[in-house]
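Asker: Need a 3D model of the following:
(chains A and B)
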Number of protein chains: 2
Amino acid sequence: MSTDRTRWQIRAERSIEYDVLKTRDLFSPENEVMLSGGKRNGGRRFVVVDGAVWHYHGEMLRSYFVARGVDARIVVFPGAEEHKTIETFQDLLRELDAFPIHRHDEPIIAIGGGVLTDVVGFVAASYRRGLPYIKVPTTLMGYVDASLGIKVGINFNGNKNRIGAFAAPLVVLLDKTFLRTLPRRHLLNGVCEIIKLAIIRDVQLFERLEIDGPTSVANSFGSAAGDALLDRAITGMLDELAPNLYEGELTRRVDFGHTFSYGLEVSPRLDLLHGEAVLLDILVSISLARRRDMLTERDVGRVFALIGRLGIQPDLSLLDAGVMWASLLDRIEHRNGEQRVPMPVGLGRCVFLNDVTFQEIEVAIAALRARTDTSRERALER
Amino acid sequence: MSTDRTRWQIRAERSIEYDVLKTRDLFSPENEVMLSGGKRNGGRRFVVVDGAVWHYHGEMLRSYFVARGVDARIVVFPGAEEHKTIETFQDLLRELDAFPIHRHDEPIIAIGGGVLTDVVGFVAASYRRGLPYIKVPTTLMGYVDASLGIKVGINFNGNKNRIGAFAAPLVVLLDKTFLRTLPRRHLLNGVCEIIKLAIIRDVQLFERLEIDGPTSVANSFGSAAGDALLDRAITGMLDELAPNLYEGELTRRVDFGHTFSYGLEVSPRLDLLHGEAVLLDILVSISLARRRDMLTERDVGRVFALIGRLGIQPDLSLLDAGVMWASLLDRIEHRNGEQRVPMPVGLGRCVFLNDVTFQEIEVAIAALRARTDTSRERALER
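Answerer: Take a look at the predicted model:
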């Protein structure tokens, strides 16, 4: 800081440091990683856990803290997009207020899917202007996407993730055990983000999905092949996120599938999971890219073949050009005045468009519906 | 980022850079500083302005944006501690949602006192996970204290500043013109923070207050002496804040006066301004320090003489040992398990206590009351 009596200049650097760490037997008392950032025995922890995880693993979780002599307040959270609200945010803040914890060495622990870690992360980011917190993703969506970066937040005023923070976790703990009890729909939800990454930046990941995807979904990524798939997806995602944690750069490849989908996703009527909305966006995008000759018919065919083989059945009747265009208009504010729509040019490569039109979205949707109608007819003829 | 298949390490640095800048004629169309961080003509700005400032300067403010061709949405905010709520926070977020602005180059502008810049700062910090914003303090409290750092937030669940963020402004603009229309009570409110700084770290500032304080209050710090006082106070405050912007270090000299006062301040019944609550805390603290022989009788006498000469009349009947002890207990969580109470050892120097007792607070309050009763009797006898 210097001063010449008309100006004081404040300059500082803040270091961000966290690990994404694979672990096993997270709730076994011998495993200390969940107590990172504070005393390994004793002290207090405020823990928020997803309802389904609590159902399957609650007793072990409670026993864990008892065994470590930690005074834990465990709050069970229902999860799901409809609870990503300012009301839930306030409920959790009040729970936290009733259970005083140290500001620096008693990290909050969030155990659940992307919605849960986003909401609890925002609680941690806001309470006393920021407490340390630990993320334990228990869904595939959390595992390969939501938990990896530093974005936290809630929906507000009908808009997805409208308020939130950039708040680095202390550590992200990945234990594949949780995937075993994850319903198939939620496994596929996470797979959609892997497909996104594959199409936009990594054709080899796409090939692995073609080969090992169906089995990995069937065995909850329990095999070595599933492990390799997840490692590649996580590495790719972090390669994109890490140099741009605070989104100083708004032209982002990982925004593929995240331009037209926002409006669809916040509609409770549609009951779409995040990945399901992202996939609808991806399909409209590749249909649009096909019409611009940025993808070949073979590329598009491979994408449809892949999602078919994975057993994903997107509901194209939900597509709505008006809603998708409105989402793009909001993204323009979010991306500081330009569309910056990531679009594949061949599988695994990406350009950014700034001239997408409403009509183009309409045509892309129509072409998409025609394609699937045709393939359904062909299937019936067979 | 590196990976060895069981661990990914994410490392990044974030730079904080902002200026606290003295300016004049802020609302004169020739002055461009309020348009920092974006286009100097055209574009949009979301502006929140204090009701009293709007009353005196509203027309000039509106004309300013018209003259610069800026599409401005100006929201008038009532200010005052009672509005530092999550309801106000949400109201402002909804207003902002209805007036789309670019994420990076259309900074939010907050013009008002400490409550206003704190609330609007939290809106800016949270909306889309953080938009740039500019602070224009219009009260002395804002000028020498609230606007200088990066702390923003709101009261919640009956607790002061319970949720918020560390969010650096783009720039802080200081225009003394606003102090001219500031009511005397609010001038003295800011003076209390200068007194705090003087007692805990800067005996020369204390001496200047003794000499130039009364005239400076009378002329709203309009003279060169008033300017010098403010410069020294701002420099001192920034010297404390700048190396510890994120409060990694919880042992902070600027917390003097901010340990016992929190409970008093959030009580709407008491109707205390922040500086008034801080002064009550200071008086209890110096009474306590006197009993520990950390201050001489002469030191304590100088503090009372100074506040008397400045025309500040603290209401000691508001002191409540129970409330002040409860505030300290909460501060222990905030300060990660220790009291860390800043306490003067002679005027201008500071130590930190970790062993303050409830009884000590009771005795300090009683001694304080006895002292002022005695001096009142003496005054009546004269």
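
Asker: Regarding chain A, what is its longest strand?
Answerer: strand A:7-22 (DSSP state E).

Asker: is it anywhere near chain B?
Answerer: Yes. Strand A:7-22 reaches chain B (CB under 8 Å from any CB of the partner chain) through A:7-22. Where C-beta positions appear, they are placed from N, C-alpha and C, glycine not excepted.

Asker: what's near enough to touch A:Ser63?
Answerer: Counting by CB atoms under 8 Å, 6 or more residues apart in numbering or on different chains, A:Ser63 makes contact with A:Phe27, A:Pro29.

Asker: Give the helix, strand or coil label for it.
Answerer: Per DSSP: H, G, I helix; E, B strand; the rest coil, the local secondary structure of A:Ser63 is helix.

Asker: where exactly do the strands run in the stretch 51-200 of chain A?
Answerer: With DSSP state E, counting those that start in this stretch as the criterion, the stretch 51-200 of chain A has strands at A:71-77, A:108-112, A:133-137, A:151-156, A:159-166, A:171-174.

Asker: Take these and write them to TSV, including mean pLDDT, distance to chain B and mean neighbour count.
Answerer: Shown next, in TSV, are the strands of the stretch 51-200 of chain A (pLDDT from 0 to 100; distance: least, CB to the nearest CB, whole Å; neighbours: other CB atoms under 10 Å in any protein chain shown):
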stretch	mean pLDDT	distance to chain B	mean neighbour count
strand A:71-77	97	14	16
strand A:108-112	98	13	28
strand A:133-137	98	12	28
strand A:151-156	97	6	23
strand A:159-166	96	4	22
strand A:171-174	98	9	24
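
Asker: Type out the PyMOL command that picks the buried ones from the residues of strand A:7-22 next to chain B.
Answerer: The PyMOL selection below is limited to those of these classed as buried (16 or more other CB atoms under 10 Å in any protein chain shown):
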select buried, chain A and resi 8+10+12+16+18+19+20+21+22
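
Asker: between the strands of the stretch 51-200 of chain A, which gets nearest to B:Glu30?
Answerer: strand A:159-166 (36.3 Å; CB to CB).

Asker: So which elements touch the closest one?
Answerer: helix A:114-126, strand A:151-156, helix A:262-265, helix B:86-97, helix B:114-126 (3 or more CB pairs under 8 Å, 6 or more residues apart in numbering or on different chains; DSSP states H and E).

Asker: Out of these, flag the one nearest B:Gly346.
Answerer: Judging these by CB to CB, what sits closest to B:Gly346 is helix B:114-126, at 29.5 Å.

Asker: where's that closest one relative to the chain centroid, distance-wise?
Answerer: Here the centre of helix B:114-126 is set off from its chain's centre by 13 Å, with CA atoms, centre = their mean, to the nearest Å.

Asker: got it, and stretch A:307-324?
Answerer: The answer for stretch A:307-324 is 19 Å, by CA atoms, centre = their mean.

Asker: got the buried residues for that stretch?
Answerer: Counting neighbours by 16+ other CB under 10 Å, stretch A:307-324 gives A:Ile307, A:Leu310, A:Ile312, A:Pro314, A:Leu318, A:Leu319, A:Asp320, A:Ala321, A:Val323, A:Met324 as buried.

Asker: Narrow these to those in strands?
Answerer: Among these, no member is found in strands (DSSP E).

Asker: What's the mean pLDDT across stretch A:318-337?
Answerer: Average pLDDT, stretch A:318-337: 94.

Asker: and the residues of strand A:7-22 next to chain B, which two are the farthest apart?
Answerer: Longest distance between any two of those is 49.2 Å, between A:Arg7 and A:Lys22; criterion CB to CB.

Asker: Helices along chain A, start to end?
Answerer: Remark: helices assigned in chain A by DSSP state H are A:51-67, A:86-97, A:114-126, A:140-141, A:184-201, A:203-218, A:224-241, A:262-265, A:274-291, A:297-309, A:321-334, A:358-381.

Asker: Including distance to B:Gly149, could those helices go into TSV?
Answerer: Below are these laid out as TSV (distance: least, CB to CB, whole Å):
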stretch	distance to B:Gly149
helix A:51-67	37
helix A:86-97	23
helix A:114-126	17
helix A:140-141	37
helix A:184-201	38
helix A:203-218	45
helix A:224-241	29
helix A:262-265	34
helix A:274-291	36
helix A:297-309	51
helix A:321-334	28
helix A:358-381	46
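
Asker: Can you say which of these is nearest to A:Val254?
Answerer: A:Val254 sits nearest to helix A:224-241 of all those, at 4.8 Å, using CB to CB.

Asker: any idea which of the helices and strands packed on strand A:159-166 scores lowest on pLDDT?
Answerer: The bottom spot among the helices and strands packed on strand A:159-166, by mean pLDDT, belongs to helix A:262-265, with a mean of 85.

Asker: contacts for that one?
Answerer: Taking CB under 8 Å, 6+ apart as the rule, helix A:262-265 contacts A:81, A:159-160, A:270, A:272, A:274, A:277, A:280-281, A:318, A:320, A:323-324, A:326-327, A:330-331.

Asker: What is the burial count for the nearest residue to A:Asp231 once chain neighbours are set aside?
Answerer: Distances taken as CB to CB, 6 or more residues apart in numbering or on different chains put B:Arg5 closest to A:Asp231, at 5.9 Å, once the chain neighbours are dropped. Using other CB atoms under 10 Å in any protein chain shown, B:Arg5 has 11 other residues around it.
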